[in-house]
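Student: let me see the structure of the following:
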Amino acid sequence: MFDKIMNYIKEFLENTPDDIYDFSCDLEGLLLVHYDEMHKEQPRATEILNDETPDVCALGEPGMKPEEIEDFKQKLKIEYDKAMKAVV
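Tutor: Residues are numbered from 1 along each chain as shown. Modelled structure (predicted):
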């Protein structure tokens with residue numbers, strides 16, 4: 001499940017839609033629902049990903065301007081990269 005969530009984030013970062021609200025809500029929910037399963041697979045990386053990413057997801061709003069979306073993506077990429085560095 002950890003890899004699936006990370007691939008979901010990677011796909012978003014590479015192919016960002018014009019409206020990111022659904023993604024931000026979905027990701028926040030996925031991290032919550034699948035936390036235990038992800039933690040069994042990659043404990044430290046899951047903890048890192050869940051530390052700040054829900055706060056980043058909370059920034060997602062319908063109808064965001066392109067520069068706001070870029071800011072969201074930059075913050076998400078930082079958390080994604082931190083989690084990837086912790087993968088064993």
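Student: okay, buried residues for the lengthiest helix in the chain please.
Tutor: As assigned by DSSP state H, the longest helix anywhere in the chain is helix 66-85. Neighbour-count burial for helix 66-85, counted by 16 or more other C-beta atoms under 10 Å, picks out 69, 72-73, 75-76, 79-80, 83. No exception for glycine: its C-beta is placed from N, CA and C like everyone else's.
Student: next one: stretch 24-42
Tutor: Buried residues in stretch 24-42 (16+ other C-beta under 10 Å): 24, 27-28, 30-31, 34, 38-39, 41-42.
Student: and these, which is closest to Leu59?
Tutor: For the buried residues of stretch 24-42, the residue nearest Leu59 by C-beta to C-beta is Ser24; the value is 7.2 Å.
Student: tell me which two of the buried residues of stretch 24-42 sit farthest apart.
Tutor: Every pair of the buried residues of stretch 24-42 checked by C-beta to C-beta; the farthest is Ser24 and Glu41, at 23.3 Å.
Student: now Ala86, nearest residue through space, not along the chain?
Tutor: Among residues not flanking Ala86 along the chain, Ala45 sits closest, at 4.0 Å (C-beta to C-beta, 6 or more residues apart in numbering).
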